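In: Turn this into a structure:
(one chain, ligands or ions: 1)
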Amino acid sequence: MRANPITPTIDYDREGIQHGFLRLPYSRNDSAWGAVMIPVTQFKHGEGPTALLSGGNHGDEYEGPTALFNFAARDRIDDIQGRIIIVPAMNYPAFQAGTRVSPIDSLNLNRIFPGRPDGSVTEVIADYFSRTLVPMADYVLDIHSGGKTLDFLPFAASHILDDKAQQQRCAAAARAFGAPYRLQMLEIDAAGLYDTQVESCGKVFVTTELGGGGTTSPDTVRIAKRGVDNFLIHAGILDGTVEAPERESLSLDMPDFRSFLFSEHTGLVEPCVALGDQVCEGQPMARIHSIERTALAPAVYRAPRDGLVIARHLPSRIQIGDCLFVIGEVV
Ligand code: CA
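Out: Below is the predicted model of the structure:
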C-alpha cells in the first residue's frame, strides 16, 4: 500500500518534550504547495507504555481540545514514564471551521476509518492514525462531546468486545477516567469508527461524551482535564493517584437499540423531560409541534424503555431522522 503523505515534524523516538505538526500536503488555490498543519505534542521519558490522546475528531466538540492543549503546555516530564502523543484536534480543518465534518471534503472523520493514504484530506488523516499512530500506542483516549446538535450527561465509555480480557481492560480505564457517569456503549453504526479501528488492534480504548451544544462549561472542562490525568496515571505513565469524582460514578448500560429515540417529524421540540431525568417506559419525553400551521396536535414521543436520559437533541428545531433522546439503563 502507498505510504501516507503526512510528515511529522517531531521524532517519535526522541526523548523529551516536542511540539510540532503533522504536515499534510494540501495544494489549493490560495497555497500551491500548502499543507494542513495539525498540531502534535509528544512527551517521552524513558521506557514505558505509549498513550495516544486525541480530541477534535469532530470539529465542534471542545472539551477534548481544551484539556489536551492544557496538558500539552506542561513543562514537566520527570513525572512521566513512557510516551504520550497528543493530537488536540484530529480533524483539524473541521476544528478550524467549528464544524462537525471537514469543510474540505465534507467527510466525517469518525465514519471513514481505517481511511486511505490516497484519499481526500480527511481519509488521509484517518489512515495516518490507523497505520502510524495507533500501532505505536498501548492506551488510546479519544475525547468527544455532543457538538452543536447533541447534549450529553458527562460519561466515559467502553464497548462490548469479542475479547473479554480486552473489554475488561477498556472498562477499567473508562472507570479510572473518573467522569460522573460511565457507560457500556452501544453504537448506532460501529463500522468506520476510530473506536472500532483502535479496538480491533487490541488496544485499551476509552471514549467520552462530555456535554455538548458546541461549547464547554467549567464543569465539563474540569472533568476532561481530570480524566486525562487519571487515564495516564491508570496507564502507569504519569505519577500520582487516580482522583475519584465527587460522588461515585453511576454505571449505565445500553442493552439494545430501544435506547435511541429518533424523530419521525420535522418541527419544534417541547421537552417533557430533562437531561439526567429518570424516565419510565411509555412516559411522554417530548411533544413535537408542526411549524407549518397552528392548531395541529403535536406528536407525542414516549420513552421506549425505563432509564436515565443521557442525551438530548439540540437546538429546539428538529428534522425527521434526528436523534431526539438517548436513554441509558442504570446498572
Ligand atoms: Ca462526537
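
In: Going by C-alpha atoms from here, please, whenever you check contacts or count neighbours.
Out: Noted.

In: Okay, buried residues for stretch 100-110 please.
Out: Neighbour counts over stretch 100-110 (16 or more other Cα atoms under 10 Å) mark 100, 101, 102, 103, 107, 108, 109, 110 as buried.

In: May I have the beta-bridge partners of residue 286?
Out: residue 271, residue 301 (DSSP bridges).

In: Can you get me a residue count around it?
Out: 21 (other Cα atoms under 10 Å).

In: how far away is it from residue 216?
Out: Distance from residue 286 to residue 216, counting by Cα to Cα, to the nearest Å: 25 Å.

In: Then residue 192?
Out: Plainly put, residue 192 is 27 Å away from residue 216 if you go by Cα to Cα.

In: where does the spatially closest residue to residue 91 that is not a sequence neighbour land on pLDDT?
Out: Leaving aside its chain neighbours, residue 91 sits nearest to residue 57 (5.2 Å; criterion: Cα to Cα, 6 or more residues apart in numbering). pLDDT for residue 57: 98.

In: I'd say residue 57 and residue 144 touch.
Out: Yes - counting by Cα atoms under 8 Å, residue 144 is a contact partner of residue 57 at 7.3 Å.

In: hmm, back to that, can you tell me which of the buried residues of stretch 100-110 are in strands?
Out: Members of these lying in strands (criterion: DSSP state E): none.

In: Closest one of these to residue 17?
Out: residue 109 (27.7 Å; Cα to Cα).

In: Which residue, other than its chain neighbours, is closest to the closest one?
Out: Going by Cα to Cα, 6+ apart, residue 109 has residue 122 as its nearest residue, at 6.0 Å.

In: I'd like the mean pLDDT over the helix ranked longest in the chain, please.
Out: Using DSSP state H to define each element, the chain has its longest helix at helix 218-234. Helix 218-234 carries an average pLDDT of 98.

In: Residues in contact with the helix or strand immediately after that helix in the chain: which ones?
Out: Per DSSP states H and E, the first helix or strand lying C-terminal to helix 218-234 is strand 250-253. Residues outside strand 250-253 that contact it (Cα atoms under 8 Å, 6 or more residues apart in numbering) are 180, 181, 182, 183, 184, 185, 328, 329, 330, 331.

In: Pairing partners for the helix or strand harbouring residue 43, with directions?
Out: Taking DSSP H and E as the definition, one finds residue 43 inside strand 35-45. Next to strand 35-45 in the sheet, as set by DSSP bridges, lie strand 16-25 (antiparallel), strand 82-87 (antiparallel).

In: quick one on the thing from earlier: what's the burial count for the residue nearest to residue 91?
Out: The burial count for residue 57: 28, using other Cα under 10 Å.

In: Also residue 73?
Out: 11.

In: next one: the one 10 residues further on
Out: Counted with other Cα under 10 Å, the neighbours of residue 83 add up to 27.

In: quick one, what contacts it?
Out: 42, 43, 44, 45, 46, 47, 48, 49, 50, 51, 237.

In: redo that, cut-off 10 Å
Out: By Cα atoms under 10 Å, 6 or more residues apart in numbering, residue 83 lies in contact with 12-13, 15-17, 42-52, 136-138, 237-238.

In: do the same with residue 188
Out: Per Cα under 10 Å, 6+ apart, neighbours of residue 188: 256, 257, 260.

In: Would you confirm that the second one contacts residue 325?
Out: Which is residue 257. No - assessed by Cα atoms under 10 Å, residue 257 is found out of contact with residue 325, at 11.9 Å.

In: more neighbours, those two?
Out: Counted by other Cα under 10 Å, residue 257 and residue 325 do not tie: residue 325 has more neighbours, with 26 against 13.

In: Quick check, that one in contact with residue 151.
Out: Yes - counting by Cα under 10 Å, residue 325 touches residue 151, with 9.5 Å between them.

In: so what sits against both of these two?
Out: 275, 310, 311, 312, 313, 314.

In: For the residues you listed, name the two members farthest from one another.
Out: Using Cα to Cα, the shared contacts of residue 325 and residue 151 span at most 13.2 Å, a distance reached by 310 and 314.

In: Can you pick out the residue with more neighbours from the two?
Out: With neighbours defined as other Cα under 10 Å, residue 310 and residue 314 compare such that residue 310 has more, 26 against 21.

In: Now that one: which helix or strand?
Out: Per DSSP H and E: strand 307-313 holds residue 310.

In: buried residues in that strand?
Out: 307, 308, 309, 310, 311, 312, 313.

In: Considering the residues you listed, which is situated nearest to residue 267?
Out: residue 313 (12.5 Å).

In: The closest one touches residue 148, doesn't it?
Out: Yes - counting by Cα under 10 Å, residue 313 touches residue 148, with 9.2 Å between them.

In: shared neighbours of those two, anything?
Out: Contacts common to residue 313 and residue 148, judged by Cα under 10 Å, 6+ apart, are 212, 213.

In: Good, wrapping up.
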